[in-house]
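>>> sequence isn't available, so here's the structure alone:
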């Protein structure tokens, strides 16, 4: 989930919302300062206004002059952010300076970014209800795990951050109107409570090497105060029983969300049919693979057999072995260009961010020479042992998670986006573009020969595809069709053959991350664009992949319009 995929990453709406957190206490600069005569001036003026209003996003992109700053989540601060975005949209649409085709594309890109962010501020009650609105922007991992400066400098930045936590926690507490949906209660108590443990635990340990007694003393003071504030917030969120409903956006808002964020105006009934068709396609492929791999067994037992093949030394060690092999496969098959020599590290995810089994943190475009970290989550310790054991992925399931997160998924996507011609391509990689690409390449790698036809490998790929199919259908069901969380969980288990722990997590996630249908949504749009652009010629896959990734990460219908030379952007599946 991943700013951009934690910088974005499988980390859901929390990370998507990282780019739309409310403004800080600084003044609200106009999106288009007086006298901006060229598009580049307009764009740069927008960014100069945007970064101070979104300091956490700025830090994750590598703008460390904003270190330690946090958003102003007062009602006035949230209103300032919405007003800034509204002015941005109006000014960009009214801009009448001379523009090249590339600049017009960038202008439309900017408008989509602003419209998508504005939707969550104006059209939802997420600030009053959804802890995911806050959790991503509170993440201090950049100071702990990203070596952009020496430890003492980063420790001072963390202290500045922690000093602001009590006031920010009070703002969040004032905003959240209880009772919350039960899934929000669990997410909020785990997220906010996890921060409390992290401040005085892993964060403290990370700076143990700093031999400055005064700095260490100040750290202990502010970390303790911040932890107390977060524990109080977590207690408040859990102080009333959660409601069974209250999470649904409704059909009209769900459709508007897809249009403003992803440029998709396909009717919901048609989208549901498209999702059901892809689910059946993958179910049929799984049945065929299981007939070879586990002849005579049920599909559920076939999946259990695949997931029983677990790495003896754990998924982190296994993923570390997988990454060089996946990169070598890409090179051997010549599937896509690999710019640069960067590599991704693999670590266990921190305790405050374990809502998903895996995600990646990728340094932003203003950082230089820093590692990306692919995080893998351990099971929830509150689960029974059987559920915990089932949660740990089998080797082939994990293989396609590694494909998704690193080679050639998110990590490669951002190697390209960080080199995009457009600064917007570097900064604003959209949810459907990033997750669609990462999901698309899972099937693409299997089709290109990963696993050499081995049915267990195919089942690993299909397990990931089915997970995303059920996300797609759950998002539509939970938010527009009256589906309950229990019904979603049952669908993950019965239709997509997910284990108990994953089914529980994923059904809950759909309530607070309504855009998690974007994995399948993006994949289907990319696959259709590839087939149309290449005319079915596989020798053109590399050229297609390089061209697609060069745009950075705008709504996929915009990319389709540019690559297919169409008159207007539209979604095609």
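Thanks, I have it. Remember, it's a predicted structure, so these values are computed and weren't measured experimentally.

>>> tell me the pLDDT of residue 418.
Per-residue confidence at residue 418 stands at 90 (pLDDT).

>>> isn't it up against residue 365?
Yes - Residue 418 lies in contact with residue 365 (C-beta atoms under 8 Å); the separation is 4.7 Å. For every residue, glycine as well, the C-beta is placed using N, CA and C.

>>> show me which of the two is the more surrounded one.
residue 418 (24 against 21; other C-beta atoms under 10 Å).

>>> now for the more buried one: which residues touch it?
By C-beta atoms under 8 Å, 6 or more residues apart in numbering, the contact list for residue 418 reads 364-365, 426.

>>> what ranges do the strands span in the stretch 201-350 of the chain?
Ranges of strands within the stretch 201-350 of the chain are 344-348, based on DSSP state E, counting those that start in this stretch.

>>> can you give me the helices in it?
According to DSSP state H, counting those that start in this stretch, the stretch 201-350 of the chain carries its helices in the segments 202-206, 213-237, 251-262, 268-293, 299-308, 315-333.

>>> between the ones you listed, which one is closest to residue 160.
Set against residue 160 and scored by C-beta to C-beta, the helices of the stretch 201-350 of the chain come closest in helix 213-237, at 8.7 Å.

>>> so residue 72 is in which element?
Counting by DSSP states H and E, there is no helix or strand that carries residue 72.

>>> ignore what I typed, I meant residue 373.
Per DSSP H and E: strand 372-376 holds residue 373.

>>> got the contacts of residue 418 as a markdown table, with secondary structure, pLDDT and distance to residue 470 columns?
Listed next are the contacts of residue 418 as a markdown table, based on DSSP: H, G, I helix; E, B strand; the rest coil; pLDDT from 0 to 100; distance: C-beta to C-beta, whole Å:
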| residue | secondary structure | pLDDT | distance to residue 470 |
| --- | --- | --- | --- |
| 364 | coil | 92 | 32 |
| 365 | coil | 93 | 34 |
| 426 | helix | 94 | 33 |
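
>>> can you lay out those residues as TSV showing distance to residue 245?
Shown next, in TSV, are the contacts of residue 418 (distance: C-beta to C-beta, whole Å):
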residue	distance to residue 245
364	38
365	41
426	40
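
>>> contacting residues around whichever helix or strand comes after the strand holding residue 373?
With elements assigned by DSSP H and E, the helix or strand that comes after strand 372-376 is helix 385-391. Contacts to helix 385-391, defined as C-beta under 8 Å, 6+ apart, come from residues 307, 357, 379-381, 383, 499-502.

>>> so where is the stretch 251-400 of the chain shaky, pLDDT-wise?
Residue ranges of the stretch 251-400 of the chain with pLDDT under 70: 352-353, 355-356.

>>> what's next to the strand holding residue 373, contact-wise?
Counting by C-beta under 8 Å, 6+ apart, residues outside strand 372-376 touching it are 9, 145, 315-316, 319, 323, 342-350, 353, 357-363, 401-402, 405-406, 411, 414.

>>> give me the ChimeraX select line for the residues you listed, limited to the buried ones.
Buried residues among the contacts of strand 372-376 (16 or more other C-beta atoms under 10 Å), as a ChimeraX selection:
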select :9,145,315,316,319,323,342,344,346,349,350,353,357,358,359,360,361,362,363,401,402,405,406,411,414
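
>>> before we move on, the earlier item: out of the helices of the stretch 201-350 of the chain, which is closest to residue 438?
helix 315-333 (12.8 Å).

>>> next one: the closest one to chain centre, how far?
Computed by C-alpha atoms, centre = their mean, to the nearest Å, the chain-centroid distance of helix 315-333 equals 22 Å.

>>> can you check stretch 121-130 too?
That offset, for stretch 121-130, works out to 19 Å (C-alpha atoms, centre = their mean).

>>> just tell me which of the helices of the stretch 201-350 of the chain ends up closest to residue 47.
Among the helices of the stretch 201-350 of the chain, helix 251-262 sits nearest to residue 47 (C-beta to C-beta), with 20.1 Å.

>>> buried residues in that closest one?
Applying 16+ other C-beta under 10 Å to helix 251-262 flags 253-262 as buried.

>>> which helices and strands does that helix pack with?
Under the contact definition 3 or more C-beta pairs under 8 Å, 6 or more residues apart in numbering; DSSP states H and E, helix 251-262 sits against helix 101-122, helix 268-293, helix 431-447, helix 455-480, helix 518-534.

>>> what stretches of this protein score poorly on pLDDT?
Using pLDDT under 70, the chain drops low at 1-35, 352-353, 355-356.

>>> which stretches in the stretch 51-200 of the chain count as helices?
Going by DSSP H, counting those that start in this stretch, the stretch 51-200 of the chain shows helices at 55-60, 75-94, 101-122, 126-129, 132-138, 141-145, 151-175, 182-200.

>>> okay, the residue nearest to residue 448 when sequence neighbours are not counted and residue 446: tell me how far apart.
Closest residue in space to residue 448, ignoring its immediate chain neighbours: residue 333 at 5.2 Å, by C-beta to C-beta, 6 or more residues apart in numbering. Distance, residue 333 to residue 446, by C-beta to C-beta, to the nearest Å: 12 Å.

>>> of these two, who's got more company?
residue 446 (21 against 14).

>>> my read: that one touches residue 463, true?
No - contact criterion C-beta under 8 Å: residue 446 and residue 463 do not qualify, at 11.8 Å.

>>> correct me if wrong: the residue nearest to residue 448 contacts residue 449.
Yes - if you go by C-beta under 8 Å, residue 333 and residue 449 touch, sitting 6.7 Å apart.

>>> residues in contact with stretch 449-459?
By C-beta under 8 Å, 6+ apart, the list of residues contacting stretch 449-459 reads 285-286, 289-290, 292-293, 302-303, 306, 309, 326, 329, 333, 396, 399, 403, 446, 461.

>>> for it, buried residues please.
450-451, 455-459.

>>> do stretch 542-561 as well
Buried-residue list, stretch 542-561, by 16+ other C-beta under 10 Å: 544-545, 548-561.
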